[in-house]
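Please find the sequence and the predicted model below.
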Amino acid sequence: MSVDKRVLLIVSGGIAAYKSLDLVRNLKNAGIAIRCILTPGGAQFVTTLSLATLSGDNVYEDLFSVTDQGGIGHIELSRDAGLLVVAPATADIIAKMRAGMADDLATAVLLATDKPVLIAPAMNIRMWEHEATQENLAVLKARGVNVIGPEEGDMACGEYGMGRMSEPDALTNAIKNLFQGTNNRDTAINCKRNQKLAGKKALVTSGPTHEPLDPVRYIANRSSGRQGHAIAAALAQQGADTVMISGPTNLSNPIGVTVHRVGSAVEMFEACKRELPADIVVCAAAVADWRALHPTDEKIKKNGMVPTLELTENPDILSSLSQSKSNRPRLIVGFAAETGSVVDKALDKLARKKCDWMIANDVSVGTKTFGGANNTVHIVDQNGIENWPEMSKESIGQRLADRIADHLNTNHD
Ligand code: C5P
């Protein structure tokens, strides 16, 4: 197998290390060869034997042991791999990477490598939120290190918040994408050059919202989140500090994007407000227009009567951010998913919501826009209408990120 399809996985010391065993299995199933380095901390959570058995290779642990390394030094370990993955990446190893320390095998390999690196942070929420960790992360990102996660949820320490390591499936997808990216120089995910949005903060909404009627039922729509996720990924690739507020989707988190998952429109709005100020906002979510006025805590029972559903309007996130008096983001982009006369409707919506650009797309039956891989869009702004040909949602994301960067870099205000 070529070096391009080999992962060197560094398992450092966190409870999430148990997930790295599934990751090894997933990668093997996907035809990606894997070799592991286990740090002393990692060895407190998983055993050398499990990693060796699942990877089908030696596990490397000691910087100075010739026998342990089976004759392979830290330089060779990196040379033999196409990608280095640190999962879990503890606050400690992240700090060491930032500082350029090399006092054990894992950190020596990370300092010596010229290969792309992906890290999957996992730690307690307070360690994650600590200025030191956030500053270390920002430096690593600026150096071109790819970051996936962490996710929000229950933590082993009994707390709730950001800090859970991304799931093995999401990591596997990210690794496959990185291999694809490094094979295709134009879309290389880890590519640091041409990062035209470095220093800018971008906020993206994506996916549908779920509006509860009772604990089991909700109002939803057919949005898959693919377009919004692709836009967030492209903005992050261009160097923007990108936060995505996503409704419920089956997609994995894009690399380099901080993701907050929400359910309803009200939750999405609150999460957006918490992320301000931002330079760029792209509202790609298909936010439900209405929610139930009185969602019930108990499941609504069938009792021979058809219940009447009383609805109330949801906050319009795009409109509200566009018309905010203070802290208005410099560039706000909305989507007009319409059926028939899409451009006219987008023009009308641009004027009503007061955003800067409106992206019109046709979601009529048969267009496969919702859930499909491709999209055909028209960019409507005060200068006119730009018609883009049909292309993949990823390409639309990249072209949009380019257009945003060119706009911000030529219109300084
Ligand atoms: O009014 P309509 O839903 O068609 O507007 C679409 C645009 O407005 C999208 O950019 C969508 O993300 C945004 N929107 C919003 N909050 C709502 C409704 C729509 O941000 N409640």
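Yep, that arrived.

Excluding chain neighbours, what is closest to D22?
P168 (4.0 Å; C-beta to C-beta, 6 or more residues apart in numbering). Quick note: C-beta positions are derived from backbone N, CA and C, even for glycine.

for L276, same thing?
The nearest residue in space to L276 (C-beta to C-beta, 6+ apart) is N327, at 5.6 Å.

Tell me the secondary structure of that neighbour, please.
Following DSSP: H, G, I helix; E, B strand; the rest coil, the label given to N327 is coil.

Kindly report the same for the one 5 residues further on.
The three-state assignment at I332 reads strand, by three-state DSSP.

so it makes contact with D356?
Yes. Using C-beta atoms under 8 Å, I332 is in contact with D356, at 5.3 Å.

May I have the lengthiest helix in the chain exported as PDB, CA atoms only?
Counting residues, the longest helix in the chain under DSSP state H turns out to be helix 393-410. The C-alpha trace of helix 393-410 is given here as PDB (Å, rounded to 0.1, in the frame of the first residue of the first chain):
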ATOM      1  CA  LYS A 393     -22.500  21.600  -3.300                       C
ATOM      2  CA  GLU A 394     -18.800  21.400  -2.300                       C
ATOM      3  CA  SER A 395     -17.800  23.500  -5.400                       C
ATOM      4  CA  ILE A 396     -20.600  26.000  -4.600                       C
ATOM      5  CA  GLY A 397     -19.100  26.300  -1.100                       C
ATOM      6  CA  GLN A 398     -15.600  26.900  -2.400                       C
ATOM      7  CA  ARG A 399     -16.700  29.400  -5.000                       C
ATOM      8  CA  LEU A 400     -18.800  31.200  -2.500                       C
ATOM      9  CA  ALA A 401     -16.000  31.300   0.000                       C
ATOM     10  CA  ASP A 402     -13.800  32.800  -2.700                       C
ATOM     11  CA  ARG A 403     -16.400  35.400  -3.600                       C
ATOM     12  CA  ILE A 404     -16.800  36.300   0.100                       C
ATOM     13  CA  ALA A 405     -13.000  36.700   0.500                       C
ATOM     14  CA  ASP A 406     -12.700  38.800  -2.600                       C
ATOM     15  CA  HIS A 407     -15.600  41.000  -1.500                       C
ATOM     16  CA  LEU A 408     -14.200  41.600   2.000                       C
ATOM     17  CA  ASN A 409     -10.700  42.100   0.800                       C
ATOM     18  CA  THR A 410     -11.700  44.700  -1.700                       C
END
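
which one of I332 and D356 has more residues nearby?
I332 (24 against 19; other C-beta atoms under 10 Å).

Pairing partners for that one in the sheet, please.
Beta bridges link I332 to V281, judged by DSSP bridges.

and it, how far is that from the ligand?
As defined by C-beta to the nearest ligand atom, to the nearest Å, I332 lies at a distance of 9 Å from the ligand.

now the residue nearest to L276: how far from the ligand?
17 Å.

That residue reaches D279, doesn't it?
No. Applying C-beta under 8 Å, one finds N327 not in contact with D279, separated by 10.9 Å.

Among those two, which residue is more densely surrounded?
For N327 versus D279, the count of surrounding residues by other C-beta under 10 Å is larger for D279: 17 against 10.

what number of residues lie near I15?
17.

pLDDT score for the closest residue to it other than its chain neighbours?
Spatial nearest neighbour of I15, chain neighbours left out: A156 (4.3 Å); criterion: C-beta to C-beta, 6+ apart. Model confidence at A156, given as pLDDT, is 80.

gap between A156 and F45?
10 Å (C-beta to C-beta, to the nearest Å).

So between these two, which is more surrounded?
Neighbours per residue (other C-beta under 10 Å) separate A156 from F45, with F45 holding more: 18 against 13.

Could you report the separation of that one from A170?
Counting by C-beta to C-beta, the gap from F45 to A170 is 20 Å.

Also N314?
29 Å.

before we move on, what about S324?
Distance from S324 to A170, counting by C-beta to C-beta: 33 Å.

swap in S395?
For S395, the distance to A170 - C-beta to C-beta - is 22 Å.

which one of these two has more residues nearby?
For S395 versus A170, neighbours defined as other C-beta under 10 Å are more numerous around A170 (20 against 17).

Cool, thanks, signing off.
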